[in-house]
Every structure is written in structure tokens, then in C-alpha cells.
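Colleague: Give me a 3D structure for the following:
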Amino acid sequence: MVVGYCVGEISLSELTFISDKMPQVGEYVIVEYDSKKVLGMVESLVRGNDALNIDLHDVEAIQTIARIGGKDYYIKGKVKLLGDVNDNLRLPRTPALPGTPIKLADKEILNDVFKVKNPIKLGTLVNQSDIEVNVEANPVLNRHLAILAMTGAGKSNTVAVLIDQLLGYNVPVFVFDMHGEYRDAKFPNGNVNVIQPKINPQYMTFYEIKRLVSIPNSAVIQERFFRQAFNKAQKMIRESTAHTSDFLQLIVDILYKDVEYDEEGNISTKTDKRIIDVINKVEDSMDKYSNLFDSNKGNILTSIKIGHANVLDLSQTDESVAEVLVSHIMRNSLQRRKNAVHGSSNDTLDHPVFYIIEEAHILAPNKRDSQSKHWIQRVAREGRKFGLGLCLVSQSPKTVDHDALSQMNNMIILRLVEPEDQRHVQSASESLSRDLIDQLPSLNVGEAIVLGLMTKVPTLVKINEFKGRRTGGDLDIIGELANFNKKEDDELKRQEQEMDDLGCYDY
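Modeller: The predicted structure follows:
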């Protein structure tokens, strides 16, 4: 069906058309010329009337023309050209002629466009529910993904659909679950493996623990005292001569051996004050991270199970602990995967992993340095070489680190209203046009723009509804308050009944 005709100057990448029919933004069209069949997407539409131009200021005349000239309206649109369907979607070398008709793409062409190897079934076209949208799994796993949306737009459902599809390929998915949404989830294609947020400090590097106890690089004497105690503690644990399994407590005990006391039992002035400073910092860290360390645990990476949604439950931890866990896991994963690929050590991670980082704006903030951000950036830049995939999920794109976001070669963007969020996302993605950005505020819940290496063409998708079970989503606050009030009323009635049974109201 012809929906319009090319007008004006036509480039190799876009064209303008005029029509008397109303297509929809996001629909695919075909432009046939010079033995080519070029696929395009309608990216913007306006409706006008030559008689009702902006120079007309007479209200009565406008009303008269509108009443009698309703058939004089035209539709003008812009089409982004995506490539010749007969030439592997390569852009043509010559533009179409003005006046060339534009037709709606038929079902056969679209089914062929969305036919990929190793498909991940995301949903259907927003404008054509009979066209299934598949993206390719390997570019998602190798070249990273960002899932971005304002709160309530369908982000968590999208993540759940993605996880379930990846489990169908036996992918070990690792979720940094900030709100406990996935620990009790049920996935049709796989099981959940809940991992406790605990680190055995024996598997941490000196510099990781030094950072935790807040010893600055400029405090060289404090660092020397701490390094000596750290090395002694590591040796004692290796040789099984330690009297405690608490690694930080062992460091404190070793440091106290260099503390001298006077006759009254007070710390002697002969004791180097900097040793006391180190002890205080380590003890402060023991209080701050008391729920993080467990010397009886193995390396946290050994808990990962193939073909499972491995969920690190961070819902009961504060941000500082979450940052420590993320940086530790990212660093260890990258190093161990390098060892596995290069065969340089027995200390390896023998399989690829796909990491999903919820609340990426907290763990990789745009305007604040943190170790978690540093290692997320490292994995984003280097991970694809070693089988580490990354998915950043956020409802506040503008506060996600720009460098990390720009490494996400695939994006699923649901509704975004805030202009700064839109600008930040566009600056991180070369393939997100201004016209597509303009569509973000009008997307309904569960609708998304999908683009990147995982798909042949940018797409407006209605994401499938997740068929399993997960927690999260909006609370039924009215219902909860009603239940609370009912419990209070029931308790009051029970107390009154008890008093009545005891005869307290007999006069």
C-alpha cells in the first residue's frame, strides 16, 4: 500500500514524504528505485493545511476554512533509511528520486529482518502485533546492554524477560539485586541461585582492604605498618596458625603486639602514634563492614552456577558495602577470565558470565568517583575480549557514568520524559536520532526503542510480559493500610472481649 511520495532533497540516509494517508511513527516502509528495495522507518509526522498557514490571523476565516476545507489537509513525514533488503541492509550509494512512492513494508520482509541467529524474543512491533521482534544473543553478551527507563515504565519486566531468555541458552547470569526483586523469582527457563553478600577478606588484595580502612596513599608510614600486619595475617591463615577466622581482627591483634604500655597499663608514649591510628582505622572498618566479611566463605565467584540466575541479594546492605562487593567481583572476574583465556594461572573463572547491574546510577555514578565505577568501566571496556558481558539498568540515565554508558553497544530505552536524561542517553549512543529521542515521552508502559548491534534496525517494541514470578513493582498502599487498620480493630475487639469475659464491665 502506497503511503506517500518523496519530496524535496533526498539523502542517502533520510527522506521527506507527503501523504494523504496517516501512517504511524515507528512503522517500516519500502522505497523501490534503481532495482533497489530500501527499508526505512517513519521517525516523525506532522499534519498541515496550506490554506491554514501560520500567517493567517483571522479567527473567523480559520473557522470557515476548517469547516469547508477539511479534505485539504496533508501529512508530512520523515523516514530514516535503514538499507537495501536485497543487499544485507547496506545503505544505497544513490538517493531516490523525488516523487518516488513509499509503501508499507509487508510481513514477509519484516519477518526476515527480525530473523536472527540465537534469538532473544523481546516482544512484538508496537504498530504490528503479529510481527515478533527477536534480537541476537551474542552481541548482547559480547557488546553489553543498557536498559533505561523512568520509574514505572516497565524496566524490571524487561530485565526479567531478558534473564529468562538468556537462561534458555544456559548463560550464567549474575544479578546485583539492589532491592531483592529476584531472590524469590521463578524463571520458566532456569532456576535462581541466591548468593549471600559476603566476602572472605583472604581473597581481597592488599589495596582493596587498605582502601576499606581509609589509609590514604600519602600516609606512607601507616601503610607500612598495615602492610606488615596484612602479610603476617595472610601467612598465618595459609599455615593454619591463626587463632581467629576473623581476618581484620587478626590484623588488629598483630598490630597490638607493637604497642607498648606503661606501668599503669596505659599506652606508652614510646609507641608510635601511627600504629594506634592504623588500629583505630581497622577497628572502625570492622564496625562499618561487620556484615560484609566472612572468613569461612570461599571465593564468591565459585558460587556462580551455569544456566542459573545468580542473584547477589544487596537489599539489606548499604551503598558503601554494595560498592565494595561490586568492585571486588568485577576486579576478580576480569583478572580470572584473563587468566583463563591466556592460561597464565590456575586461578581462573572457567566460563563467561553476564552481569546485570541494577541501580547503575548508584554503583557507577556520573559525577563521583568510586571503586565500583572504576571496575565497571574496566569490564565495559575490556570484558568482551574475555567473555564478560555487562548490562546497566537505571531509571536515572543522566546520573549514570557517561564513559560506562557509551560502552553499551545495545540499548533498550523505555519511556523517558526528563530532557536531561534524554540528552545524556543520546550523547552516549551514536544510533539514537533526535527524532527517536522525541518519541520517548510518548511511549506507553512496556514499550521501548531497541537499537544497537543486537538488532539489524532500530525498532519500536512492545516488550513481552514476563511469564514467571518476581517481586517488586508498586505497592498496594491503600490495601496495606486497610489491612493494618483491620488488624488494629481486630486487636481492640479481642482486648474488649477479654475484658468482658473477665467481668471487667460488670457493675
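Colleague: List phi and psi for M408.
Modeller: Per-residue torsions, M408: phi -80, psi 100 (degrees, to the nearest 10).
Colleague: From Q24, how far off is it?
Modeller: As judged by C-beta to C-beta, to the nearest Å, M408 and Q24 stand 28 Å apart. From N, CA and C alone the C-beta is placed, and that goes for glycine too.
Colleague: Compare these two and say which is more crowded by neighbours.
Modeller: A direct count of neighbours by other C-beta atoms under 10 Å for M408 and Q24 places M408 higher, at 24 against 14.
Colleague: Quick check, R381 in contact with Q407.
Modeller: Yes - applying C-beta atoms under 8 Å, one finds R381 in contact with Q407, separated by 6.0 Å.
Colleague: Please say which of these two ends up with more neighbours.
Modeller: Neighbours were counted for R381 and for Q407 using other C-beta under 10 Å; Q407 has more, 22 against 14.
Colleague: who's in contact with the more buried one?
Modeller: H144, Q377, A380, R381, L390 (C-beta atoms under 8 Å, 6 or more residues apart in numbering).
Colleague: and of those residues, the nearest to D246?
Modeller: Checking these against D246 with C-beta to C-beta, the nearest one is Q377 at 32.5 Å.
Colleague: Chain neighbours aside, what residue packs nearest to that closest one?
Modeller: Nearest-residue entry for Q377: A404, 5.1 Å, with adjacent residues in sequence omitted and distances by C-beta to C-beta, 6 or more residues apart in numbering.
Colleague: cool, D277 as well?
Modeller: Once flanking residues are discounted, D277 sits nearest to Q222: 5.9 Å by C-beta to C-beta, 6+ apart.
Colleague: Pretty sure that neighbour sits against S214.
Modeller: No - Q222 is not in contact with S214 according to C-beta under 8 Å; the separation is 9.9 Å.
Colleague: shared neighbours, those two?
Modeller: Common neighbours of Q222 and S214 (C-beta under 8 Å, 6+ apart) are K281.
Colleague: which two of the contacts of Q407 lie the greatest distance from each other?
Modeller: Greatest spatial distance in the contacts of Q407: H144 and Q377, 11.5 Å, computed using C-beta to C-beta.
Colleague: So for the helix or strand where E323 lies, what gets flagged as buried?
Modeller: E323 belongs to helix 319-342 when elements are defined using DSSP states H and E. Buried residues in helix 319-342, counted by 16 or more other C-beta atoms under 10 Å: 321-340.
Colleague: Show me what whichever helix or strand comes after it is in contact with.
Modeller: With elements assigned by DSSP H and E, the helix or strand that comes after helix 319-342 is strand 353-357. Here strand 353-357 makes contact (C-beta under 8 Å, 6+ apart) with 140-141, 159, 162-163, 166, 171-176, 304, 326, 329-330, 333, 363-364, 376, 379, 387-393.
Colleague: nearest to E359, of the contacts of Q407?
Modeller: Nearest member of the contacts of Q407 to E359, counting by C-beta to C-beta, is L390, at 14.3 Å.
Colleague: That closest one pairs with what?
Modeller: Using DSSP bridges, the beta-bridge partners of L390 come out as Y355.
Colleague: For it, which residues are in contact?
Modeller: H144, L145, F354, Y355, I357, I376, V379, A380, G383, Q407, M408.
Colleague: what about the first one, how many neighbours?
Modeller: By that I understand H144. Counted with other C-beta under 10 Å, H144 comes out at 28.
Colleague: all helices in the stretch 351-500 of the chain, in order from the N-terminus.
Modeller: For the stretch 351-500 of the chain, helices defined by DSSP state H, counting those that start in this stretch occupy the ranges 360-363, 371-382, 402-406, 419-428, 434-437, 477-501.
Colleague: Can I get stretch 341-354 as PDB, trimmed to CA atoms?
Modeller: Provided in PDB are the C-alpha atoms of stretch 341-354 (Å, rounded to 0.1, in the frame of the first residue of the first chain):
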ATOM      1  CA  VAL A 341      42.000 -17.100  28.300                       C
ATOM      2  CA  HIS A 342      45.800 -16.700  28.400                       C
ATOM      3  CA  GLY A 343      46.400 -19.800  30.500                       C
ATOM      4  CA  SER A 344      48.700 -17.800  32.800                       C
ATOM      5  CA  SER A 345      47.400 -19.100  36.100                       C
ATOM      6  CA  ASN A 346      45.300 -21.800  37.800                       C
ATOM      7  CA  ASP A 347      43.400 -19.000  39.500                       C
ATOM      8  CA  THR A 348      40.700 -18.800  36.800                       C
ATOM      9  CA  LEU A 349      37.000 -18.300  36.100                       C
ATOM     10  CA  ASP A 350      36.400 -21.000  33.500                       C
ATOM     11  CA  HIS A 351      33.200 -19.800  31.900                       C
ATOM     12  CA  PRO A 352      31.800 -16.500  30.600                       C
ATOM     13  CA  VAL A 353      29.400 -14.500  32.800                       C
ATOM     14  CA  PHE A 354      26.700 -11.900  32.000                       C
END
